[in-house]
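Novice: Just a sequence and a predicted model for now, questions to come.
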Amino acid sequence: MSRLNDPENFRGRVNYAAKIIAYGRSPTRALDNCFENYDGDEVATAILRRSRKNARLAANLQRYPSLSCIEVAANRLADVPTRKLADVARQTRARRKSAFDAWFEQQRKADAPADRDPIIADAKSTS
């Protein structure tokens, strides 16, 4: 797995996304990956905070992710110090992944054909 795709590589994903945005490069799948580990709000907040000290990044930020969405996320995370964003991101990833896995399992069960259910299959065989 690429380090860029590693969910635990929060700092690397922030650095990569900030560099792409600052230099105005075309969005790529790799850039999207930076925000797709259930912790996109934290990544975006780190980039927004970094843009306050980096004029090039600030100038290009509106060209990429929705600035209004980033600001909503940053406001929600306003009480989290930047140095703790990676820890909060780790917690968010765990919480959101667990919620997604539970939802997915629920959908899998709901979509399963009725004849696969052992109780229904047993009832059919005895009738």
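Specialist: Yep, that arrived. Computed from a predicted structure; not experimentally measured.
Novice: rest of the way, CA atoms for contacts and neighbours
Specialist: OK.
Novice: biggest helix in the chain, by residue count?
Specialist: The longest helix of the chain (DSSP state H) is helix 85-111.
Novice: Who are the packing partners of that one?
Specialist: Using 3 or more CA pairs under 8 Å, 6 or more residues apart in numbering; DSSP states H and E, the elements in contact with helix 85-111 are helix 10-22, helix 40-51.
Novice: residues in contact with the residue nearest to the spatial centre of the chain?
Specialist: Nearest to the geometric centre of the chain sits Tyr38, at 2.8 Å (CA atoms, centre = their mean). Residues near Tyr38 by CA atoms under 8 Å, 6 or more residues apart in numbering: Thr92, Arg93, Arg96, Lys97.
Novice: Going by distance to Ile70, which of these wins?
Specialist: Distances from Ile70 to the contacts of Tyr38, taken as CA to CA, are shortest for Thr92 (16.1 Å).
Novice: Quick check: the closest one touching Asp41?
Specialist: No. Assessed by CA atoms under 8 Å, Thr92 is found out of contact with Asp41, at 9.4 Å.
Novice: list residues touching both of the two?
Specialist: With CA under 8 Å, 6+ apart applied, the contact sets of Thr92 and Asp41 do not overlap.
Novice: out of the helices and strands packed on helix 85-111, nearest to Asp32?
Specialist: Closest to Asp32 of these, according to CA to CA: helix 10-22, at 8.5 Å.
Novice: highest average neighbour count across the helices and strands packed on helix 85-111?
Specialist: Sort those by mean neighbour count, taking mean count of other CA atoms under 10 Å, and helix 40-51 sits at the top with a mean of 22.
Novice: Show residues contacting the helix or strand following it.
Specialist: Moving toward the C-terminus from helix 40-51, the next helix or strand (DSSP states H and E) is helix 55-61. With contact meaning CA under 8 Å, 6+ apart, helix 55-61 is reached by Ala18, Lys19, Ile21, Ala22, Tyr23, Gly24, Leu48, Arg50, Ser51, Arg52, Leu67.
Novice: Count the neighbours of Glu36 for me.
Specialist: Using other CA atoms under 10 Å, Glu36 has 14 other residues around it.
Novice: CSV for the helices and strands packed on helix 85-111, including mean pLDDT and distance to Arg3?
Specialist: Below are these laid out as CSV (pLDDT from 0 to 100; distance: least, CA to CA, whole Å):
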stretch, mean pLDDT, distance to Arg3
helix 10-22, 96, 8
helix 40-51, 96, 15
